[in-house]
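J.: Just the structure for this:
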Amino acid sequence: MDHLTHVKHPLVQHKLSLMRDRDTSTAVFRQLLREISQLLAYEVTRELPMTTRRIETPLQAMDAPVLAGRKLALVSILRAGNGLLDGILELVPSARVGFVGLYRDEETLKPVQYYFKVPDQLDERLVIAVDPMLATGNSSVAAIDLLKEKGAKDIRFLCLLAAPEGIARMKEAHPDVPIVTAAVDEKLNDLGYIVPGLGDAGDRMFGTK
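T.: Reported below is the predicted structural model:
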């Protein structure tokens, strides 16, 4: 995969525009995030390894294509990553699931870790890390650092929005980790938020301020 994949599918872009609207309710925002995550999942899983298995159709036997290797691992960067996680799990219900708890220090904009629990044998799995926003890139880089420390070798990062600063930070720190996103926005503001963005994804998804 290329380092950056910008998914410009009309349905993705339409749903994202609805999510950006400040008047979109929490319930609708959450539903849209679930729907858009499924569409993005098609792209991030495009190159999953395949093999064949002998099956019997109602008419004859055939060698049918099936996924190969260990179950992939989905890793949510808490808390907003759970919004993407739920939708992807509907498509890949057998995936193993992990969580990385990071919050951003509002003064330094640096990530602070508070939780880490991931599946075993990450070195033998495709690992997809999910977080709606790639802003400064600090939290994403920290999460990938932790996953690599646990042995992950084949990692992809899936987000809803990305800022040029976050993309550059990720490419510098982890050039081997492809990024799949629905939008590359203009910039970060002085508070480290993506502009024009959609606000704080976690707050809008969970109805908190």
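J.: which of the residues in the longest helix along the chain are buried?
T.: In the chain, taking DSSP state H as the definition, the longest helix is helix 26-44. Using 16 or more other C-beta atoms under 10 Å as the test for burial, helix 26-44 gives 29-41, 43-44. Backbone N, C-alpha and C define where each C-beta goes, glycine included.
J.: who touches Pro111 in this structure?
T.: Contacts for Pro111 were tallied using C-beta atoms under 8 Å, 6 or more residues apart in numbering; they are Leu102, Tyr103, Arg104, Asp105, Asn138, Ser139, Ala142, Ala143.
J.: Filter those down to just the buried residues.
T.: Leu102, Asn138, Ser139, Ala142, Ala143.
J.: quick one: which of those sit in strands?
T.: Taking DSSP state E, the ones among the buried ones among the contacts of Pro111 that sit in strands are Leu102.
J.: Pull the distance from the lowest-mean-pLDDT helix or strand in the chain to the chain's centre.
T.: Every helix and strand of the chain was ranked by mean pLDDT, DSSP states H and E. The lowest is helix 201-206, at a mean of 86. The chain centroid and the centroid of helix 201-206 are separated by 16 Å, computed with C-alpha atoms, centre = their mean, to the nearest Å.
J.: Can you tell me which of the buried ones among the contacts of Pro111 is nearest Tyr115?
T.: Nearest to Tyr115 among the buried ones among the contacts of Pro111: Leu102, at 8.3 Å, using C-beta to C-beta.
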